[in-house]
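1. Sharing a model that was predicted from the sequence below.
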Amino acid sequence: MKKILFSFLLGACFYAPAQAQLDEDKVLQLGIRAVVNGSWVGNLPTNNAQFNANKDNMKLGYSGGLWVRLRMPITGFFIQPELNIAQQNGGFSYQIVPNANTPAGNAVSPPVGSTFDDSRSLSLTNLEFPVSLGFKLNLGKVGIRLNAGGVLSGILQAKEIYTQRITTGTQQSVTLSEQEDVKEQVNAFQAGLQGGLGLDFGTRLSLDLRLQQNLSNLYDQAPGSPTRNNIALSSQRVTTGQLVIGFRLL
């Protein structure tokens, strides 16, 4: 997937007539974009005396695709729909410490005096459709843009790496790890908000910083929704920061 995306973006850059000057006032503009993103999972399960959750550090991913900019009759305003393929990564870790009040035979708990140290790492590949309303202010050869809007995503692929380390009272530990396809467990479509600041250098090159917050729960909340050690995952959502490099073709 990465090689195909890179080849497409590179080919489009060579196809564009770099020597030509583009019309800044053109109503319809078309370009490509490449993105480095950092994602993390929010809305962790609530901590208590036996359970402690910690958010993992930001995990890097990538994105790329096409953008179209439609200038509106009101000077400076525009609408920008996009079509992107994006990879988002995230995860969290948690520790379970059983106590004497833990019901006997509870599947989530090792013997008293032991601990579960678990972690989940999630990798998503999405087809995204952002649509934003923006305003552009030209300052010589540099344009400053503000964008805000919504984004709909369809999940193409979802994989999870689940790692568990069991430590006994004698400090002996056992580590287990497995990778699972969880596409059937996540909501197939995600909705979110996106906004940020952009700079246009001349007529072709642009640089954007964006923040995207999913509003949809990542996992299905229907009965039987996925759990790990009986810890419900249904309320989690993904947040993504993006560094975007754009190149205008038309």
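-> Okay, I see it. Residues are numbered from 1 along each chain as shown.
2. which residues of this structure fall in helices?
-> Using DSSP state H, the helices of the chain run over 2-15.
3. In it, what helix or strand scores lowest on average pLDDT?
-> When the helices and strands of the chain are scored by mean pLDDT, DSSP states H and E, helix 2-15 comes last with a mean of 50.
4. which parts of stretch 196-213 are buried?
-> Gly196, Gly198, Asp200, Thr203, Arg204, Ser206, Asp208, Arg210, Gln212 (16 or more other CB atoms under 10 Å). Every C-beta, even on glycine, is put in place using the N, C-alpha and C of the backbone.
5. ok, now stretch 88-99?
-> Gln88, Asn89, Gly90, Gly91, Phe92, Ser93, Tyr94, Gln95, Ile96, Val97, Pro98.
6. Same check on stretch 135-145?
-> Lys136, Gly143, Arg145.
7. what's the closest non-adjacent residue to the first one?
-> Closest residue in space to Lys136, ignoring its immediate chain neighbours: Arg145 at 4.7 Å, by CB to CB, 6 or more residues apart in numbering.
8. With Ile96 instead?
-> Phe116 (4.1 Å).
9. Test of understanding: give the bridge partners of the one you found.
-> Ile96, Ile166 (DSSP bridges).
10. residues touching Gly192, list them.
-> By CB atoms under 8 Å, 6 or more residues apart in numbering, the contact list for Gly192 reads Gly150, Val151, Ser153, Gln212, Gln213, Asn214, Leu215, Ser216.
11. my read: the second one touches Leu127, true?
-> No. Using CB atoms under 8 Å, Val151 is not in contact with Leu127, being 11.0 Å away.
12. higher neighbour count, the two?
-> Comparing Val151 with Leu127 by other CB atoms under 10 Å, the one with more neighbours is Val151, at 24 against 14.
13. Pull up the per-residue confidence for the closest residue in space to that one that isn't next to it in sequence.
-> Nearest non-adjacent residue to Val151, counting by CB to CB, 6+ apart: Pro130, 4.1 Å away. In this model, Pro130 is scored at 97, pLDDT.
14. I'd like to know how many residues surround Pro130.
-> Quick note: Pro130 (other CB under 10 Å) scores 23 neighbours.
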